[in-house]
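**Q** just need the structure, nothing else, for what follows:
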Amino acid sequence: MRARTFTESGRRAQIVRAAIEVIAEDGYAKASFSRIAKQAGLSSTGMISYHFAGKDDLLAACVSEIELVTGAFMQPRIDAAVGHVAQLRAFVEANVELVGEHPAEIRALIDLVKNAGSQSAGVNGRLALFEEHFRTGQAAGAFGPLDARTTALAFTSGLDAVVATAAAAGLEPAELARIGRELADLYVRATAPESTGEHG
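**A** Predicted coordinates for the structure are as follows:
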């Protein structure tokens, strides 16, 4: 029983991995079951239908897997940062560098959210997360006199644009790291208290 469970779990993961790769390479519109089966090395699409109720179910599994991968890369860096400003910087830099570490996942997630209408808790929850971050940071004296919601909207929209452009361009890791630092510097300057500059 355990061997069967492991095999089925492994096959499911194999299909999800193949689907992510196909979506990243060809786009959601061309990610047919036959194309995914070929990428996964399956003899037919029947195995996909066995493990997933339909395409929406498979796409939801792809989003969940991508969120696990991206979270595993970003969260330790954010957790290690001390203070509101340092956490803001860590989020930006990790998010941009993520493009070089997991390019297929990022390209696939962008396509799924934009073109397939897929829901990502991580993507959808960022606005509220950063609105609260800016608000509590203001209370701690880390950020200047800004409107938390407007700043959070500008922050997430701008970061998304940079990540999408970088993912499409296939930039090298060193260039991504440089862009991440520059973008983080920009956001830190824009949100800093007027009299004291950057602090925590």
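**Q** buried set for the one helix or strand in the chain whose mean pLDDT sits lowest?
**A** In the chain, the helix or strand scored least confidently by mean pLDDT, DSSP states H and E is helix 121-124, which has a mean of 79. By neighbour count with 16 or more other C-beta atoms under 10 Å, helix 121-124 contains the buried residues 122-123. The C-beta positions use only the backbone N, C-alpha and C, and glycine is treated the same way.
**Q** run through who's touching it.
**A** 67, 70-71, 109, 113 (C-beta atoms under 8 Å, 6 or more residues apart in numbering).
**Q** of all pairs in those residues, which one is the farthest apart?
**A** Maximum pairwise distance among the contacts of helix 121-124 (C-beta to C-beta): 15.8 Å, between 71 and 113.
**Q** show me which of these two is the more surrounded one.
**A** residue 113 (17 against 12; other C-beta atoms under 10 Å).
**Q** pass me the low-pLDDT residue ranges in this protein, would you?
**A** Residues of the chain meeting the criterion pLDDT under 70: 1-6, 195-200.
**Q** give me that answer again for 50
**A** 1-6, 197-200 (pLDDT under 50).
**Q** give the contact list for residue 22.
**A** Per C-beta under 8 Å, 6+ apart, neighbours of residue 22: 30-31, 35-36, 39.
**Q** out of these, which is most surrounded?
**A** Busiest of the contacts of residue 22 [other C-beta under 10 Å] is residue 31, holding 27 neighbours.
**Q** ok, it to residue 49 distance?
**A** 15 Å (C-beta to C-beta, to the nearest Å).
**Q** which elements pack onto whichever strand or helix holds residue 34?
**A** Counting by DSSP states H and E, the element that carries residue 34 is helix 33-40. Packed against helix 33-40 by the contact rule (3 or more C-beta pairs under 8 Å, 6 or more residues apart in numbering; DSSP states H and E) you find helix 2-26, helix 46-51.
**Q** now distance to residue 144 too, for those helices, in a markdown table please.
**A** Shown next, in a markdown table, are the helices and strands packed on helix 33-40 (distance: least, C-beta to C-beta, whole Å):
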| stretch | distance to residue 144 |
| --- | --- |
| helix 2-26 | 39 |
| helix 46-51 | 51 |
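**Q** nearest approach to residue 159 belongs to which of these?
**A** helix 2-26 (19.8 Å).
**Q** what residues of the closest one count as buried?
**A** 11-12, 14-24.
**Q** stretch 37-57 now?
**A** Neighbour-count burial for stretch 37-57 [16+ other C-beta under 10 Å]: 37, 39-40, 42, 45, 47-48, 51-52, 55.
**Q** and the closest residue to residue 23 other than its chain neighbours, how many neighbours?
**A** Leaving aside its sequence neighbours, residue 23 sits nearest to residue 108 (C-beta to C-beta, 6 or more residues apart in numbering; 4.2 Å). Look at residue 108: counted by other C-beta under 10 Å, it has 29 neighbours.
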